[in-house]
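Asks: predicted model and sequence follow; I will ask about them next.
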Amino acid sequence: MIHAAVAVIINDGSVLISKRPDHVHQGGLWEFPGGKVEDAETIETALFREIQEELGINIKASRPLIKLAHCYPDKSVLLETRLITDFDGREYGLDKEQLGLERQLVKWVDLNKLDNYQFPAANKPILSAIHLPESYLISPDCSQKPETFLQQLSMSIQDNSLLQLRIKSLHGDKLDEMLKAACKIALKKQSRILINSSMKVSDEINSGASGIHLTSHHLHKKDFAETYQAQFPEKMTAASCHNKEDIERANQLGLDFIVISPVQPTVSHPQQASLGWDNFKSLTDFARIPVFALGGLRLTDIPQAQNHGAQGIAAIRGLWNRAD
């Protein structure tokens, strides 16, 4: 397996990509710059060296983004990707193709236009991670008046652009009305809402939401996820995972991301044994898609989560802003 360090260099809403030469593996496709990790090199050292050699850019600060393995028919790769948060050195102009130091095509691309470019299959999870925030808000149940719940939701998504609605106390028309109103608020605030699969909702609601979040039960239910993905191919699909079998199933389905829990003891499930950060990291190593850490976490835990293989954190109490 080839161990490679990969850089996601973002500046003012654009990301720097380069084109692979036609004669190499996956030639002619665009990629995120980087290269092979040499013996005794750390990821940071390898990435600094590769990006300096390829682009003349000096990495000043970075953080983990995603680590994943991918097997092609003729080659296997382990990609450790870091998000570059500060850099200097050679400058490349925006919105035009240029040549890097190795005569490779280089281009800044708007993050929202990356779908217009062809990348190797191993890069798909990196593309997903780039478009995901560092926090994933999960709603509490609607135990108060719907108006109060929607007010709290509106306040919460101002700071959280990705939300899972998980409401157990409403059913039928009342649930549909609540979800329609929630999706309308999310659209206005440019946030994305995923519907928990335990809620029985109409196709109209699924069409209005940004995607679905599978419970661990529905993750393994025969053809459940496949049917949804076939019906709504443009929507996001996520899932709750608790063990290696759950993660392998999520990998097989090619989900957009997963949530692994519980990392720490929680108020909602006080009797459930927590994983701890070391066991959480062991599970993220099996994932070939972005992972959020869930269970007793707050915004201050994001760096810890990222250093253990996560995109960031998911939470209810740690992220939900109450109106009272």
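Replies: Okay, I see it.
Asks: and for I185, the neighbour number?
Replies: Applying other CB atoms under 10 Å, we find 17 residues neighbouring I185. In short, each C-beta sits where N, CA and C put it, glycine included.
Asks: next: P262.
Replies: P262 has 20 neighbouring residues, counting by other CB under 10 Å.
Asks: same check, this time on the one 10 residues further on
Replies: Q272 is flanked by 13 other residues according to other CB under 10 Å.
Asks: pretty sure F149 contacts S156?
Replies: No: contact criterion CB atoms under 8 Å: F149 and S156 do not qualify, at 10.3 Å.
Asks: pLDDT at R322, what is it?
Replies: Each residue has a pLDDT score; the one for R322 is 54.
Asks: wait, S14 sits on W108?
Replies: Yes: assessed by CB under 8 Å, S14 is found in contact with W108 at 4.3 Å.
Asks: what touches both of these two?
Replies: L94 (CB atoms under 8 Å, 6 or more residues apart in numbering).
Asks: now the phi/psi pair for L65, please.
Replies: Main-chain torsions, L65, degrees, to the nearest 10: phi -110, psi -60.
Asks: now it: how far from E54?
Replies: Computed as CB to CB, to the nearest Å, the L65 to E54 distance reads 18 Å.
Asks: who's more crowded, those two?
Replies: L65 (23 against 18).
Asks: tell me who's in contact with that one.
Replies: Per CB under 8 Å, 6+ apart, neighbours of L65: V8, T81, R82, L83, I126, A129, I130, Q306, Q311.
Asks: and the helix or strand the third one falls within, what's buried?
Replies: Going back to what we said before, that points to R82. Secondary structure from DSSP states H and E places R82 in strand 76-89. For strand 76-89, burial by neighbour count (16 or more other CB atoms under 10 Å) applies to V77, L79, E80, T81, R82, L83, I84, F87.
Asks: which of those scores worst on pLDDT?
Replies: V77 (87).
Asks: how many other residues sit next to the nearest residue to that one once chain neighbours are set aside?
Replies: Spatial nearest neighbour of V77, chain neighbours left out: I2 (4.9 Å); criterion: CB to CB, 6 or more residues apart in numbering. Counted with other CB under 10 Å, the neighbours of I2 add up to 12.
Asks: pull up the gap between I2 and D12, please.
Replies: Separation of I2 from D12 (CB to CB) stands at 32 Å.
Asks: average pLDDT for the helix or strand that contains Q151?
Replies: Q151 belongs to helix 146-156 when assigned by DSSP H and E. Averaged across helix 146-156, the pLDDT comes to 92.
Asks: packing partners of that helix?
Replies: Applying 3 or more CB pairs under 8 Å, 6 or more residues apart in numbering; DSSP states H and E, one finds that helix 146-156 contacts helix 172-188.
Asks: run through the helices of the chain in chain order.
Replies: Counting by DSSP state H, the chain has helices at residues 43-55, 124-130, 146-156, 172-188, 203-208, 216-220, 224-231, 244-253, 276-284, 302-307.
Asks: closest to L101 out of these?
Replies: Judged by CB to CB, the one of the helices of the chain that comes nearest to L101 is helix 43-55, at 6.0 Å.
Asks: convert that closest one to CSV, retaining C-alpha atoms only.
Replies: Taking Å, rounded to 0.1, in the frame of the first residue of the first chain, the C-alpha atoms of helix 43-55 are listed here in CSV:
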residue,chain,number,x,y,z
ILE,A,43,2.7,13.4,7.7
GLU,A,44,3.4,17.1,8.4
THR,A,45,7.0,16.8,7.3
ALA,A,46,6.2,14.8,4.1
LEU,A,47,3.4,17.3,3.2
PHE,A,48,5.6,20.3,3.7
ARG,A,49,8.3,18.8,1.5
GLU,A,50,6.0,17.6,-1.3
ILE,A,51,4.1,20.9,-1.5
GLN,A,52,7.3,22.9,-1.5
GLU,A,53,8.7,20.7,-4.3
GLU,A,54,5.6,20.6,-6.4
LEU,A,55,4.2,24.1,-5.9
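Asks: what's the weakest-modelled helix or strand in this protein?
Replies: The least trusted helix or strand in the chain, going by mean pLDDT, DSSP states H and E, turns out to be helix 203-208, with a mean of 88.
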